[in-house]
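J.: Here you go, sequence then predicted model.
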Amino acid sequence: MLAGRLGPDELILPSDVHALIASLNGPSAHEGLNDEEADKKDEAQDIAFDAMEAETEAKARKLAKRALRLDPDCVDALVLMNDLDAPTRKARIEGLKKAVEAGERALGAKFIQKNKGHFWLLLETRPWMRALDRLASELKDAGLNLDAIGI
């Protein structure tokens, strides 16, 4: 099943499989949330996906704002709003830093530390990783190579 998502030269290592199983059986980023809070976060993410695929800027903005009302730390919605509103590279970088921080809050330090090295196997980490990737790209484009490498 996972092999279909990998490139032709990539292998699934036993450590990856063990990490995936452990993450599925272990604490999630939603641990400690009541059902209503977890449902709001999930709904916000679904709306953020719709916003990312919206055909117009107005529709994307409306959906992203709706996602953020449900979950102020919805990383994909924060990144999208940053894309729409940041007038300069410096503003884009600052907005992306805030999105990364929101992802860190949403996942929690304990979850991040426990799953370090296996984030791509965990769907709930992907918005945060997309924000990290965008931040690193913006930093590189701004000539801040060491900061980009640090990410």
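T.: Cool, the structure landed. Numbering: from 1, shown residues only.
J.: tell me which element the most centrally placed residue in the chain falls in.
T.: The residue lying closest to the centre of the chain (Cα atoms, centre = their mean) is Pro127, at 1.5 Å. If you go by DSSP states H and E, Pro127 is part of helix 126-141.
J.: buried residues in that helix?
T.: 126-128, 130-132, 134-136, 138-139 (16 or more other Cβ atoms under 10 Å). Bear in mind the C-beta positions are built from the backbone N, C-alpha and C, glycine included.
J.: Redo these as a markdown table? Include distance to Thr56 and pLDDT.
T.: Formatted as a markdown table, the buried residues of helix 126-141 follow (distance: Cβ to Cβ, whole Å; pLDDT from 0 to 100):
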| residue | distance to Thr56 | pLDDT |
| --- | --- | --- |
| Arg126 | 25 | 94 |
| Pro127 | 22 | 96 |
| Trp128 | 27 | 96 |
| Arg130 | 22 | 96 |
| Ala131 | 23 | 97 |
| Leu132 | 28 | 97 |
| Arg134 | 22 | 97 |
| Leu135 | 26 | 98 |
| Ala136 | 29 | 98 |
| Glu138 | 24 | 97 |
| Leu139 | 30 | 97 |
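J.: quick check, nearest of these to Arg69?
T.: Pro127 (17.0 Å; Cβ to Cβ).
J.: Nearest residue to that closest one in space, please, no chain neighbours.
T.: In space, and not counting its chain neighbours, Pro127 is closest to Val75: 3.8 Å by Cβ to Cβ, 6 or more residues apart in numbering.
J.: How about Lys41?
T.: Leaving aside its chain neighbours, Lys41 sits nearest to Asp71 (4.8 Å; criterion: Cβ to Cβ, 6+ apart).
J.: same check, this time on Met81
T.: Ala64 (5.1 Å).
J.: Quick check: the gap between that neighbour and Lys40.
T.: Per Cβ to Cβ, to the nearest Å, Ala64 is found 15 Å from Lys40.
J.: Who has more neighbours out of these two?
T.: Ala64 (27 against 17; other Cβ atoms under 10 Å).
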